[in-house]
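In: could you look at this predicted model? Sequence included:
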Amino acid sequence: MTPENEALYRSWQRKRKGEGFGELPRNHQALTSLERFLGGRLLTAVTRDEVLLWSGEGLAGMAESSRASYWSAARAFYNWASSDEEAIIERSPMRGIAQPKVSVVPVPIPDEGDVRRLIAATDADRSPIGRRDAALIRVMADTGGPRASEAAGMMIAGRPGAGRLGVDLNHDTIRVVGKGGKERTWPISSRTASAVERWLRVRDSLPAGQGSPRLWTTFRVSRSSARPLTRDGVGAILERRCDAAGVPRIHPHQVRHVSYHNFLKRGGRLNDAMLLYGWEDDEMPRRYAAALALERSIEAGAALAVGDMW
């Protein structure tokens, strides 16, 4: 963006940061798109008609969800610029403009039986690496369903360099700094905590586990070298364990889907999920809920067995 528009963007982000919100890439991308559509003009000089043209022509060809995200980011920017506190512009040019509609597409959820077989097969491996993998998969499938990057970077709370971040077996909780630099905490179940505890006993007994606050390490049992687990490493572990269990490969983010899917099935509430899973808006929870609604409707239809009445 031009220096003038970049300065406006930074002022807006500074305000958001002061309110506890992280910086989202889509915010900058949206304003860059709008500036490009305006030919490099000042963002605060845009008219209502120009916003309407950008929303239609400028965002044409984008996925529905991306168009809606860009539109929401621009609206938030103009709400900030027209607020009584800032008063950069008198009125938001987006005031009264309807947000683009987004079709709610159900998120594919891995088969529950496959997930059970994956966890059972990994639990059965009592080797050091098996202990690590079993604990990792259980953490990812439990409440909170961490993203792959969040799971890879987990610490051990209380260890030097970790502070209060990481897994805390005194309270059976996990605290991470996740997407957008936001910190969140969620509880883990007894079985997950036990799996983590078993892994920690093995980890702390091996030279490869010494001197690091990171929860997960990659290492060869015969060597003393160790490296922190990476996001790609999480995916590689899941692929290898799915192959060993004889189930279709499950992507790390699909495990997050499984976690929230089961959170809903057991009566979890949306407001709680927003905090536990680290969402700033309800777009993703609504998509997951749609998948659950579809499953419920299929089960209800099967139970009625209308065709059997003929």
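Out: Nice, I can see it.
In: from here on, just use CA atoms for contacts and neighbour counts.
Out: Noted.
In: contacting residues around the host helix or strand of Trp12?
Out: Element membership for Trp12 (DSSP states H and E) is helix 3-18. Contact with helix 3-18 is made by 22-23, 28, 42-43, 77, 80-81, as judged by Cα atoms under 8 Å, 6 or more residues apart in numbering.
In: and which of the residues you listed is nearest to Ser65?
Out: His28 (16.3 Å; Cα to Cα).
In: enumerate the positions of the helix or strand just after the helix holding Trp12 that are buried.
Out: Moving toward the C-terminus from helix 3-18, the next helix or strand (DSSP H and E) is helix 25-37. Across helix 25-37, burial judged by 16 or more other Cα atoms under 10 Å covers 26-35, 37.
In: same check, this time on stretch 163-172
Out: 164-169, 172.
In: correct me, but Trp216 touches Glu150?
Out: No. In this structure, Trp216 is not within contact of Glu150 by Cα atoms under 8 Å, at 11.5 Å.
In: those two - which one has more neighbours?
Out: Ranked by neighbour count (other Cα atoms under 10 Å), Trp216 and Glu150 place Trp216 first, with 27 against 19.
In: for that one, which non-adjacent residue is closest in space?
Out: Distances taken as Cα to Cα, 6 or more residues apart in numbering place Leu229 nearest to Trp216, at 5.9 Å, with adjacent residues excluded.
In: that neighbour reaches Thr217, doesn't it?
Out: Yes. Assessed by Cα under 8 Å, Leu229 is found in contact with Thr217 at 5.3 Å.
In: the helices in the stretch 201-310 of the chain, which residues?
Out: Under the criterion DSSP state H, counting those that start in this stretch, the stretch 201-310 of the chain contains helices at 231-245, 252-265, 270-277, 283-304.
In: looking at these, which is buried most?
Out: helix 252-265 (a mean of 20; mean count of other Cα atoms under 10 Å).
In: angle of it against helix 283-304?
Out: Interaxial angle, helix 252-265 versus helix 283-304 (axes from the mean of the first three to the mean of the last three Cα atoms, to 10 degrees): 60 degrees.
In: can you list the domains in the chain?
Out: 3-81, 112-295 (automatic domain parsing).
In: got CSV for the ones you listed, with mean pLDDT too?
Out: Supplementary listing: those in CSV, determined by pLDDT from 0 to 100:
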stretch, mean pLDDT
domain 3-81, 88
domain 112-295, 87
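In: show me the contacts for the residue nearest to the spatial centre of the chain.
Out: Nearest to the mean C-alpha position of the chain, counting by Cα atoms, centre = their mean, stands Arg147 at 5.1 Å. By Cα under 8 Å, 6+ apart, the contact list for Arg147 reads 140, 252-253, 256.
In: got these as CSV, with distance to Pro110 columns?
Out: As requested, the contacts of Arg147 are arranged in CSV below (distance: Cα to Cα, whole Å):
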residue, distance to Pro110
Met140, 14
Pro252, 11
His253, 11
Arg256, 10
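In: closest to Glu112 out of the residues you listed?
Out: Arg256 (13.0 Å).
In: the closest one reaches Met140, doesn't it?
Out: Yes. Assessed by Cα under 8 Å, Arg256 is found in contact with Met140 at 6.6 Å.
In: select, out of the domains of the chain, the one closest to Asp308.
Out: domain 112-295 (20.9 Å).
In: distance from the closest one to the middle of the chain?
Out: Centre-to-centre, domain 112-295 and its host chain are 13 Å apart (Cα atoms, centre = their mean, to the nearest Å).
In: cool, and stretch 29-48?
Out: Per Cα atoms, centre = their mean, the displacement of stretch 29-48 from the mean C-alpha position of its chain is 29 Å.
In: start and end of it, how far apart?
Out: 20 Å (Cα to Cα, to the nearest Å).
In: and for stretch 263-273?
Out: Using Cα to Cα, the two ends of stretch 263-273 sit 8 Å apart.
In: and stretch 261-270, by the same measure?
Out: 12 Å.
In: can we start the residue count at 230 from this point?
Out: Sure, I'll start numbering at 230, so the last one becomes stretch 490-499.
In: give me the contacts around that stretch.
Out: 338, 372, 514, 517-518, 521.
In: repeat for stretch 289-300
Out: Residues contacting stretch 289-300 (Cα under 8 Å, 6+ apart): 255-256, 258-260, 284, 288, 328-332.
In: which one of those residues is nearest to Leu429?
Out: Of all the contacts of stretch 289-300, Leu429 sits closest to Arg255, with 38.3 Å by Cα to Cα.
In: so who does that closest one touch?
Out: Here Arg255 is in contact with 298-299, 302 (criterion: Cα under 8 Å, 6+ apart).
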